[in-house]
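Asker: Below is the sequence, then the predicted model.
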Amino acid sequence: MKLCRFESSGSAPCIGLITDSNSVLDLTPAGICEITELLENDDPADTARKLAARQLPKLPLGSVRLLTPVEHQEVWAAGVTYLRSKKARMEESDFSASAYDRVYEAERPEIFFKSLPEKVVSPGDSVGIRADAKWNVPEPELALVINSKGRIAGFTIGNDMSSRDIEGENLLYLPQAKVYDRSCAVGPCITLGTSEAEARNWKISIQINRGGASVFSGETSVGQIKRKFEDLADFLCRSQKFSHGAVLLTGTGVVPPDNFTLASGDVVEIEISGIGTLTNNVVVV
Ligand code: DO4
Ligand code: MG
């Protein structure tokens, strides 16, 4: 079951279920106005299944604009959860390299604040690279959608846009490397009713196109994430309440070669096999 937010010919945001690759079921006539509320149910997938069985308007997927499923949730991100990310971070850093080694092995994960909900970029909109950075990359990440009780209610895709030169210069610059306008895209939908064991079989792939030609592609498997999803969610929610829930990006396992940097006009496509594809073009901010 795939839950989405969409607008259709300039309408207010509606909630829908993507029932097949071509159509979306409009849940508005069933009184569903927000995803956040639905995620609070004990079994959101079952609620979605019951809604799917009702006679509701079906729209062609191509006729709607999908919006980010993030409504009121803060977006946070875990880092150095894949061996590939640990190695890349250590290579780009100088005196702080050992911090990455240590956090990869430590019980407590690296978790950092990524975005306010209102700043999250929707599918099809532009993600940003900083005007004062020279080495910019997308980070394709599985995102946990967590409800106000701290329960993982579903999965979506996140792009943790990052400035590697700023991050590598000094660990204390991490917030500047990670948080700026258009630095976080989330979407295109939330997959419900999948267990962690099932999600671990999903593939994450990324394709970057420039002027119509591929300039980078890469792939990893969700199964390569070192930490259990429940542990990541637990650390995020320790001593901290999220009254609307939260979205937690789970880290990147795909890192382009060191001579690669994004350019304005690039198109970034991130696909996770059980979810869909998140596509954004790149602008300088
Ligand atoms: O510590 C730097 C951030 C790493 C990160 O964002 C990732 O591994 O995905
Ligand atoms: Mg990341």
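Answerer: Perfect, I can see it now. Numbering: from 1, shown residues only. Ligands and ions are numbered 1, 2, ... in the order given.

Asker: Touching the helix or strand where E141 lies from outside, list them.
Answerer: Assigning secondary structure by DSSP states H and E places E141 in strand 140-146. Taking contacts as CB atoms under 8 Å, 6 or more residues apart in numbering, the residues outside strand 140-146 that touch it are 39, 69, 73, 75, 77, 152-160, 186, 190, 199, 202, 204-206, 222, 225, 229, 232-233, 236-237, 242, 245-252, 254, 270, 272. (C-beta placed from N, C-alpha, C; glycine too.)

Asker: The helix or strand in which L51 is found relative to strand 140-146, how many degrees between them?
Answerer: In the assignment (DSSP H and E), L51 maps to helix 44-52. Helix 44-52 runs at 90 degrees relative to strand 140-146, counting by axes from the mean of the first three to the mean of the last three CA atoms, to 10 degrees.

Asker: Could you give me the buried positions within the helix or strand following helix 44-52?
Answerer: As assigned by DSSP H and E, the chain's next helix or strand after helix 44-52 is strand 58-60. Buried residues in strand 58-60, counting neighbours by 16 or more other CB atoms under 10 Å, are found at L59.

Asker: Summarise which helices and strands strand 58-60 is packed against.
Answerer: strand 23-26 (3 or more CB pairs under 8 Å, 6 or more residues apart in numbering; DSSP states H and E).

Asker: Check which helices and strands the strand it packs on is in contact with.
Answerer: strand 14-18, strand 58-60.

Asker: Compute the number of surrounding residues for the closest residue in space to S8 that isn't next to it in sequence.
Answerer: Spatial nearest neighbour of S8, chain neighbours left out: V64 (4.7 Å); criterion: CB to CB, 6 or more residues apart in numbering. Counted with other CB atoms under 10 Å, the neighbours of V64 add up to 21.

Asker: Please verify my assumption that V64 contacts V24.
Answerer: Yes: counting by CB atoms under 8 Å, V24 is a contact partner of V64 at 5.9 Å.
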